[in-house]
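Colleague: Everything below, folded, please.
(one chain, ligands or ions: 2)
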Amino acid sequence: MSELLVAGGQVLRPDLTVERADVLVDRDSGEVVAVDDPGALDGDETLDASDGLVVPGLVNAHTHVAMTLLRGYADDKELDAWLQEDIWPVEAELTGDDIEVGAELGLVEMIKSGTTALSDMYFHVDRIADAVERAGVRAVLGHTAVTVGKDDEAARADLQQSLDVAKELDGAADGRITTTFQPHSLTTVGEEYLRQFVPKARDADLSIHFHANETENEVDPIVDEHGVRPLEYADDLGLLTEDTYVAHGVHVDETEIELLAERGTGVAHCPASNMKLASGMAPVQRMRDAGVTVGIGTDGAASNNDLDAFDEVRDAAMIGKLAAADASAVPAEAVVEMVTRGSADLLGFDSGRVEAGANADLAVIDLDAPHLTPAHDLVSHLAYAVRGSDVRHTVCDGEVLMRDREVLTLDEAAVRERAEAHAQDLIDRAESGE
Ligand SMILES: N[C@@H](CCSC[C@H]1O[C@@H](n2cnc3c(=O)[nH]cnc32)[C@H](O)[C@@H]1O)C(=O)O
Ligand SMILES: [Zn+2]
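Modeller: Ligands and ions are numbered 1, 2, ... in the order given. The predicted model follows:
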């Protein structure tokens, strides 16, 4: 057995207390073996956590990782116009090579900022899976199907591909990759297709992930056409179960919040994207009060514009208070819990807690910094003051992915150079075709 000892620091425990302790990790099983008093444990290799805080690796519950190539390409527009006028025309030019390079860039950024697991929605998913395998993180992947603007044959083929990809890639990268069936949203996939394909996904025991109630423009057409709220419509389609989580959940009323709680359907809250696209403020405190599992996601880098989950934690606390008009709403402990246990629950990984038996997915934060001084309350710091760049080491599945701020699994400089070239070329192709 090969064991890694994360030694000399403080540790954030599952009950959100902080204690001085060492963490022993079994690299073969990829699990935490023990958390014990400083000096009580021995390993074959040591990771220095002195002046540091060991936390569970952050879990990004909703992203489009390859969209890093579109970072800063189109900003300052609302969702519909942004997707239709800017993003979709460029995405139509994306090749598998582009997507793999964009995913590598996003994964380097995530590893550097302490994220060890993500839930992704995109296409050319085999290439994203290759990048995830090399990067060493954990991921829930899927092929996202859209039927609007497609003929019947193409629409069905896209949904079939979402089913096929979910079946094929489940368990890849030694089990670090799992999958979901992914209709893009309730307005971009037609009802007849959802009626046909959701039961197929259920029969195949697949989890489901889709965008829901992100903007008012997405809610109104469903209310007009079906006479019910979008999540009531989703429930009628069999979409809401414990194996489903939706992205956004911004415009949800009391009935819909109750429905999410009753069905055990979780929400991946994406505060930065919701602010940037002016989509609205999700009622996170009300959802949590009702017992809905809420995780945190960055959404893609074109609507954020970074993949630093610490930024997202801070944004979630801030906008949660604004939405509730209550400074005590969505407190520090809530957002820390959401980005660890909450998101991990949605993704179905036993991560998000530093405890014997859990996945050894960890980040070590360097506390030796002016913006983290004084140390009255480290949970407060995690919510409000820590930045992704404070992460010193990142570990996933028992393997060290970054040591002393150097990413070991991917060559950061080469990844950035490739991404720059692919992004330029992509935009040139998209704009010359106009
Ligand atoms: N465009 C592809 C499949 C969609 S992949 C997932 C899509 O979600 C898009 N996306 C990114 N952020 C958001 C968001 O906030 N809401 C809805 N869609 C988004 C993203 O640009 C990407 O096109 C097709 O036509 O078949
Ligand atoms: Zn999204």
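
Colleague: Next, count neighbours for the residue lying closest to residue 371 once chain neighbours are set aside.
Modeller: Leaving aside its chain neighbours, residue 371 sits nearest to residue 385 (5.5 Å; criterion: C-beta to C-beta, 6 or more residues apart in numbering). Just so you know, the C-beta spots here come from the backbone N, C-alpha and C atoms, and that holds for glycine as well. Per other C-beta atoms under 10 Å, the neighbour tally for residue 385 reads 15.

Colleague: Check residue 14 too.
Modeller: 15.

Colleague: Please list all residues in contact with it.
Modeller: Residue 14 is in contact with 341, 353, 354, 355, counting by C-beta atoms under 8 Å, 6 or more residues apart in numbering.

Colleague: List only buried entries from these.
Modeller: Buried members of the contacts of residue 14, scored by 16 or more other C-beta atoms under 10 Å, are 341, 353, 354, 355.

Colleague: what's the helix or strand for the closest residue to residue 187 other than its chain neighbours?
Modeller: Spatial nearest neighbour of residue 187, chain neighbours left out: residue 218 (5.2 Å); criterion: C-beta to C-beta, 6+ apart. Take DSSP states H and E as the rule and residue 218 turns out to sit in helix 216-226.

Colleague: and if you look at residue 245?
Modeller: Using DSSP H and E, residue 245 sits in strand 244-248.

Colleague: any idea of the mean pLDDT for that strand?
Modeller: Averaging pLDDT along strand 244-248 gives 98.

Colleague: That one close to ligand 1?
Modeller: No. Using C-beta under 6 Å from any ligand atom, strand 244-248 stays clear of ligand 1, coming no nearer than 6.8 Å.

Colleague: Specify which member of the buried ones among the contacts of residue 14 is nearest to ligand 1.
Modeller: residue 341 (24.1 Å; C-beta to the nearest ligand atom).

Colleague: wait, residue 423 sits on residue 69?
Modeller: Yes. With contact defined as C-beta atoms under 8 Å, residue 423 reaches residue 69; the gap is 4.5 Å.

Colleague: any common contacting residues for the two?
Modeller: residue 102.

Colleague: shaky segments in the stretch 301-434 of the chain?
Modeller: Applying pLDDT under 70 to the stretch 301-434 of the chain flags the ranges 434.

Colleague: and it, which of its residues are near ligand 1?
Modeller: Within reach of ligand 1 by C-beta under 6 Å from any ligand atom, the stretch 301-434 of the chain has these residues: residue 303.

Colleague: Spell out the residue ranges of the strands in the stretch 301-434 of the chain.
Modeller: With DSSP state E, counting those that start in this stretch as the criterion, the stretch 301-434 of the chain has strands at 362-366, 391-396, 399-403, 406-407.

Colleague: picking that back up, neighbour-wise, which of residue 423 and residue 69 wins?
Modeller: The residue with more neighbours, out of residue 423 and residue 69, is residue 69; 27 against 21, by other C-beta under 10 Å.

Colleague: Just list the residues touching the more buried one, thanks.
Modeller: Counting by C-beta under 8 Å, 6+ apart, residue 69 has contacts 94, 98, 101, 102, 105, 419, 422, 423, 426.

Colleague: Most neighbours among these, please name it.
Modeller: That'd be residue 102 among the contacts of residue 69, by other C-beta under 10 Å, with 32 neighbours.

Colleague: Can you check my assumption that that residue lies in a strand?
Modeller: No. Using DSSP: H, G, I helix; E, B strand; the rest coil, the secondary structure at residue 102 is helix, not a strand.

Colleague: Let me know the pLDDT of it.
Modeller: The model's pLDDT for residue 102 equals 98.

Colleague: ok, now how distant is it from residue 359?
Modeller: 26 Å (C-beta to C-beta, to the nearest Å).

Colleague: quick one: secondary structure of the residue in the chain that ligand 1 sits nearest to?
Modeller: Going by C-beta to the nearest ligand atom, ligand 1 is nearest to residue 144 of the chain, at 3.5 Å. Reduced to three states with three-state DSSP, the structure at residue 144 is strand.

Colleague: same check, this time on residue 157
Modeller: Assigned state for residue 157: helix (three-state reduction, three-state DSSP).

Colleague: Check it and give its pLDDT.
Modeller: 98.

Colleague: re earlier: what comes up buried for the strand holding residue 245?
Modeller: Buried residues in strand 244-248 (16+ other C-beta under 10 Å): 244, 245, 246, 247, 248.
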